[in-house]
Structures are given as structure tokens and as C-alpha cells.
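> Here is a sequence with its predicted model. Questions after.
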Amino acid sequence: MAENGKKDGLPEGAATEFGDAMSYGDYLGLERLLTCQEPRSAHHDEMLFIVIHQATELWLKLVLHELNAAVAQIRDDDLPPAFKMLARVSRIQAQLIQSWDVLSTLTPADYMTFRDVLGNASGFQSHQYRLVEFTLGNKNPAMLAPHRHDPEIHARLSTALQAPSLYEEAICLLARRGLDIDDSQTERDWHETHQPNDSVRRAWLAVYRDTETHWDLYELAEKLVDLEDRFQQWRFHHVTTVSRIIGHKRGTGGTSGVPYLRDALNVRFFPELWDLRTEL
């Protein structure tokens, strides 16, 4: 008998025999999850590269879960739950940003020991990342091309491309609340990326100038700004980490590498929410 009523050093009451009961590992599917890391080389640092990218994909899965739910709540004009969902996405983004700090421990010499086994594999091909961009409003039909070989994924991307984005649902909400929004912003082909519009800018400006009347819309706007701010930080850390590891070599997926990533820094999801700050 262990001291203080503990058996074999375990906390009192801790389960030690499960039999047919579901365990922690069963619930999380750890047997499958922890066997998904299959390095293609014998080099020590490839495991880091794999785990970072797999963990990123898991976070992106949760981001999409929250964003899609937030879009539905905004469409139903039920904003409080959407605020929580968007705040959670911002916290997830903080985790994604920190992951670059871990990956940056991979030196150029480390990476070159296994880069050749990656073939054409590239983060550029991440369909979940592309779904996040489409959901936030950065829509580009050409980005479906890398996924033509997978009908299911291609269909998901096509659906997201043709649906109103998070920001477009917010703009439609402004119109439903009686703010003067051009019809061209609420009735159009959603597969095209939103372009800055004066009526949208004026509507958001009215919200910011009378926050007492439009408090929930003001809170929504700030949640969107938080989201884009974190996304830009993630992009910046991405380009910095890639530059640190491979310099200006071409990316494994055929992109130009660092120049391609730097161009992405110029993309804005919610332009009017940034532009109006100059006028306040």
C-alpha cells in the first residue's frame, strides 16, 4: 500500500484499469494521430518540420470551424456568439504566430539535409489555408487549380469561393440595419474579391462616429480588425522565417518563395475598416 492512501504513487481515486471503458488515448485517437509523423529521411530535424505543419493544419481546422459558425451567426443577426468565435480565432492565430518561433530554430544547414525529400510538397497547397483565405474574402479562382486532382476538396473550395465571405456577410448586415449600402455590395457574384467601396466606408464611418447607437456593429468591426491584424502578423512571421531558412530560393511548390510571401502582405481583407481611421 502506498503512503497517504495512494496506490502505486497515483492520486487517490485515479482509474488504473479501464477494460472496455474509453480512455484518454481512445477519445483523442492518439494511436492514429501519433503515427501520422513519417519522416522521409533519417535526418533529426525533419520531425520538427512535420510536426509544425501538422499542428498548423489542426489549428486551421479549428479556425474554419469557428469562422464558418461566426458567418452563420452574423447572417442570422446574432452577434454575441459570433464575437466569442472571432475572439477564439484571434487566440488561435496567436498560437500560429508563435509556431514560427519554433520553426525558426531550423537553420539553413538543417533544412537542406532533408529538403530534397519534400518533392513538390508546399504549404502553398494547403487547402485549409485557402479555405480560410476564401472565408475571409481573399478569393482567387486560380487557387482551385492545385486541387483539381481531389474532387471533394475542389468542391469545398469552389463552394467557399462562391459564398459570401465573413466580411461580405458583415456588409449585408449593415444594409439590413438600415445603413446606406450600394446594392452592388449586397447583390453580386460572390466569387469576386471585395473591392473598396465608398458606401461601405461611409457606413462603417457612421458606426464609429456613433458607437452608442451601433455598439454591436462597432464591436464586430473591431473583432474583424483584430482578426486581420493577427493574420498580417502571421504572414510577416512566415516571410521572415522562410527568408531566414532558405533566403530567396524558390519554394518547393514552384512559387517564387519569399517574393510571393511578401506580395501577400499587401492583401487586405477588410479595407474600409482600415481606411476610415484616417477620417475619424
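Arrived safely, thanks for sending.

> list the contacts for Leu261?
235, 238-239, 242 (C-beta atoms under 8 Å, 6 or more residues apart in numbering). C-beta: built from backbone N, CA, C; applies to glycine.

> Let's see if you can find the most crowded of those.
If you count neighbours using other C-beta atoms under 10 Å, the busiest of those is Val242, which has 22 neighbours.

> how much space between it and Glu168?
Look at Val242 and Glu168: by C-beta to C-beta, to the nearest Å, they are 31 Å apart.

> Which parts of the stretch 101-250 of the chain are helices?
Per DSSP state H, counting those that start in this stretch, the stretch 101-250 of the chain carries helices over the ranges 108-112, 127-136, 151-162, 166-176, 198-209, 215-246.

> Rebuild those helices as CSV, extending it with mean pLDDT.
What follows is those, written out as CSV (pLDDT from 0 to 100):
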stretch, mean pLDDT
helix 108-112, 93
helix 127-136, 96
helix 151-162, 96
helix 166-176, 98
helix 198-209, 98
helix 215-246, 94
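
> Rebuild the contacts of Leu261 as CSV, extending it with distance to Leu79.
Output for the contacts of Leu261, formatted as CSV (distance: C-beta to C-beta, whole Å):
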residue, distance to Leu79
Arg235, 27
His238, 31
Val239, 34
Val242, 37
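
> backbone phi and psi for Asp189, please?
phi -80, psi 120 (degrees, to the nearest 10).

> hang on, I meant Asn140
phi -150, psi 110.

> List the contacts of the residue nearest to it when sequence neighbours are not counted.
In this structure, Asn140 finds its nearest non-sequential neighbour in Thr193, 7.2 Å apart by C-beta to C-beta, 6 or more residues apart in numbering. Residues counted as contacts of Thr193 (C-beta under 8 Å, 6+ apart) are 137-140.

> So what's the model's average confidence on the one helix or strand Ile52 maps to?
Using DSSP states H and E, Ile52 falls within helix 46-75. Averaged over helix 46-75, pLDDT sits at 97.
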